[in-house]
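Trainee: no letters, just coordinates:
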């Protein structure tokens with residue numbers, strides 16, 4: 001391997017996992033010099049143990065340690081504080097993080113989602129180090145009585161730096177009392193107003209807290225992606241987004257009041273292509289008397305999803321009936337899209353496998369679908385009826401290549417999963433029957449730890465390592 005061209009070695013490095021890269025750097029001095037920049041280019045931390053190790057290394061006073069932070073282009077730290085033992089030294093982690101961030105002079109992407117760590121001092125340190133270079137900024141603000149580094153919000157007063165490259169902002173705002181929140185909110189208002197013309201992505205879980213800061217912002221002309229918490233959000237009060245391509249509404253509350261969001265101005269989101277929303281709001285985006293269609297191609301209702309890129313899919317499997325919608329209602333709405341709709345993910349009530357697909361005008365929607373995900377609370381009534389979906393669904397969906405039928409993020413061996421989740425013989429029988437009616441189907445999943453994939457020699461059930469295929473609800 002040592003004799004391979006540098007270009008090939010670099011390609012291998014880009015494809016290797018962080019743990020593999022770390023091992024490779026220890027092989028010899030040549031590999032250490034070549035692969036260390038790749039190892040530290042993107043730092044993503046998902047637990048307190050890794051957080052300790054990385055911050056200790058990046059804040060080291062050794063000559064080697066002091067040079068590593070300058071290699072970091074993207075830094076993300078995210079984990080839940082409840083998973084951390086009571087004896088954990090938060091102050092030590094916070095101090096190390098401050099030193100590390102101060103040295104990241106080439107940082108372009110920063111995201112922090114950890115309770116206790118999102119402090120005023122960390123924010124000011126980040127601004128002082130990399131404000132001119134920062135392209136994306138993610139931050140979590142809690143109503144904690146104290147920050148781990150002991151700093152106070154007052155140090156943010158008057159902090160109004162320029163962010164000439166910033167195009168993405170992601171904020172998680174939690175339970176901050178008015179007095180302690182005021183300096184923070186003034187700083188965030190500066191972020192949004194100073195970059196309003198250039199933002200391309202905005203994600204905010206607490207729109208109610210953010211909305212007053214945007215009263216002077218009439219438009220986000222370049223915004224392409226918007227994610228908002230449902231509570232308190234109102235489309236009539238949002239800045240105009242003429243180029244928005246993806247809109248997502250997030251929440252964990254099934255009984256949340258959606259009245260503020262039920263009115264969607266007819267001229268809002270004219271270029272919308274991807275929509276994730278509560279099923280109750282679907283008709284608001286596609287009203288019967290609407291005079292302007294939206295070219296929506298991807299629809300995810302009530303946070304149902306099938307994530308091929310590694311979503312965690314952890315959620316409470318007890319689905320509320322209020323989160324489920326009849327297919328006929330969904331079809332009626334989506335046929336009013338100027339799409340066509342190519343991807344659909346939704347929760348459905350108990351499924352009558354014999355009659356489910358027989359809805360008026362269903363054929364018009366099925367004919368354009370390329371991916372279809374159904375997440376359910378109960379088993380389908382009849383295995384035999386599922387076999388008949390070859391002519392009831394797949395013959396009518398000539399473009400469908402991915403199909404998922406699941407009741408949550410359960411593995412094949414989990415007793416809470418579908419009764420046929422462990423029966424690969426039954427599943428393979430269905431696949432062979434469906435193949436008689438559809439030649440485009442390439443991937444089918446009934447559980448979360450493996451998916452059937454069509455190969456040149458037929459259907460193969462390949463186990464997935466880690467989080468390759470997940471079905472369920474994001475929270």
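Mentor: The structure has been received and is ready for your questions. Remember, it's a predicted structure, so these values are computed and weren't measured experimentally.

Trainee: for the helix of greatest length in the chain, buried residues please.
Mentor: For the chain, the longest helix by residue count, based on DSSP state H, is helix 178-194. Within helix 178-194, the residues scored as buried using 16 or more other C-beta atoms under 10 Å are 180-181, 183-192. The way it works is simple: take the backbone N, C-alpha and C, and place the C-beta from them, glycine included.

Trainee: for the stretch 151-300 of the chain, give me the ranges with low pLDDT.
Mentor: For the stretch 151-300 of the chain, the stretches with pLDDT under 70 are 175-178, 230-232, 251-261, 290-292.

Trainee: try the stretch 351-475 of the chain
Mentor: For the stretch 351-475 of the chain (pLDDT under 70), the answer is 377-382, 407-419, 421-422, 447-450, 462-475.

Trainee: thinking again about what came up before, show me what the longest helix of the chain is packed against.
Mentor: Here helix 178-194 touches helix 120-130, strand 136-141, strand 168-173, helix 207-210, going by 3 or more C-beta pairs under 8 Å, 6 or more residues apart in numbering; DSSP states H and E.

Trainee: buried sites along whichever strand or helix holds residue 22?
Mentor: Assessed by DSSP states H and E, residue 22 sits inside helix 18-25. Residues of helix 18-25 classed as buried: 21, 24-25 (neighbour count, 16+ other C-beta under 10 Å).

Trainee: next secondary structure after the longest helix of the chain?
Mentor: Downstream of helix 178-194, the next assigned helix or strand under DSSP H and E is strand 201-204.

Trainee: what packs against that next one?
Mentor: Packing partners of strand 201-204 (3+ C-beta pairs under 8 Å, 6+ apart): strand 168-173, strand 225-229.

Trainee: I'd like the ones you listed written out as TSV, with mean neighbour count added.
Mentor: Putting those into TSV (neighbours: other C-beta atoms under 10 Å) gives the following:
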stretch	mean neighbour count
strand 168-173	20
strand 225-229	20
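
Trainee: can I get those strands in JSON lines with distance to residue 137?
Mentor: Below are the helices and strands packed on strand 201-204 laid out as JSON lines (distance: least, C-beta to C-beta, whole Å):
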{"stretch": "strand 168-173", "distance to residue 137": "5"}
{"stretch": "strand 225-229", "distance to residue 137": "15"}
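
Trainee: out of the ones you listed, which gets nearest to residue 274?
Mentor: Among the helices and strands packed on strand 201-204, strand 225-229 comes nearest to residue 274, with 8.6 Å by C-beta to C-beta.

Trainee: quick one, that closest one and strand 168-173 angle?
Mentor: Angle between the axes of strand 225-229 and strand 168-173 is 0 degrees (criterion: axes from the mean of the first three to the mean of the last three C-alpha atoms, to 10 degrees).

Trainee: what angle separates the helix or strand just after strand 225-229 from strand 225-229?
Mentor: Proceeding N to C from strand 225-229, the next assigned helix or strand is strand 246-250, under DSSP H and E. Angle of strand 246-250 versus strand 225-229, following the same axes, to 10 degrees, is 10 degrees.

Trainee: residues contacting the helix or strand following strand 246-250, please?
Mentor: Of the helices and strands lying after strand 246-250 in sequence (DSSP H and E), the nearest is strand 274-277. Strand 274-277 is contacted from outside by 245-250, 285, 294, 296-301, 303, using C-beta atoms under 8 Å, 6 or more residues apart in numbering.

Trainee: next: stretch 117-133.
Mentor: Residues contacting stretch 117-133 (C-beta under 8 Å, 6+ apart): 77, 90, 93-94, 97-98, 101-108, 110, 112, 134, 139-142, 147-149, 151-156, 159, 161-165, 183-184, 187.

Trainee: tell me which residues in it are buried?
Mentor: Neighbour counts over stretch 117-133 (16+ other C-beta under 10 Å) mark 117-127, 129-131, 133 as buried.

Trainee: tell me the mean pLDDT over it?
Mentor: If you average the pLDDT over stretch 117-133, you get 93.

Trainee: next one: that stretch to chain centre, how far?
Mentor: Taking C-alpha atoms, centre = their mean, to the nearest Å, the mean C-alpha location of stretch 117-133 is offset from the chain mean by 25 Å.

Trainee: do stretch 328-343 as well
Mentor: In terms of C-alpha atoms, centre = their mean, the centre of stretch 328-343 is set 23 Å apart from its chain centre.

Trainee: and that stretch, what's buried?
Mentor: Neighbour counts over stretch 328-343 (16+ other C-beta under 10 Å) mark 330-337, 339-343 as buried.

Trainee: so residue 404 is in which element?
Mentor: Going by DSSP H and E, residue 404 is in strand 402-406.

Trainee: that strand packs against which elements?
Mentor: strand 304-307, strand 371-376, strand 443-445, strand 470-473.

Trainee: got the angle for it vs strand 371-376?
Mentor: Angle of strand 402-406 versus strand 371-376, following the same axes, to 10 degrees, is 0 degrees.

Trainee: and the helix or strand that strand 402-406 is followed by, what does it pack against?
Mentor: Per DSSP H and E, the first helix or strand lying C-terminal to strand 402-406 is helix 424-435. Here helix 424-435 touches helix 383-387, helix 389-392, strand 450-455, strand 458-463, going by 3+ C-beta pairs under 8 Å, 6+ apart.

Trainee: mind redoing it with 10 Å?
Mentor: Secondary-structure packing of helix 424-435 (3 or more C-beta pairs under 10 Å, 6 or more residues apart in numbering; DSSP states H and E): helix 383-387, helix 389-392, strand 402-406, strand 443-445, strand 450-455, strand 458-463.

Trainee: point out the most buried one among these.
Mentor: Comparing the helices and strands packed on helix 424-435 by mean neighbour count (mean count of other C-beta atoms under 10 Å), strand 402-406 comes out on top with a mean of 23.

Trainee: out of the helices and strands packed on strand 201-204, which is closest to residue 399?
Mentor: strand 225-229 (25.5 Å).
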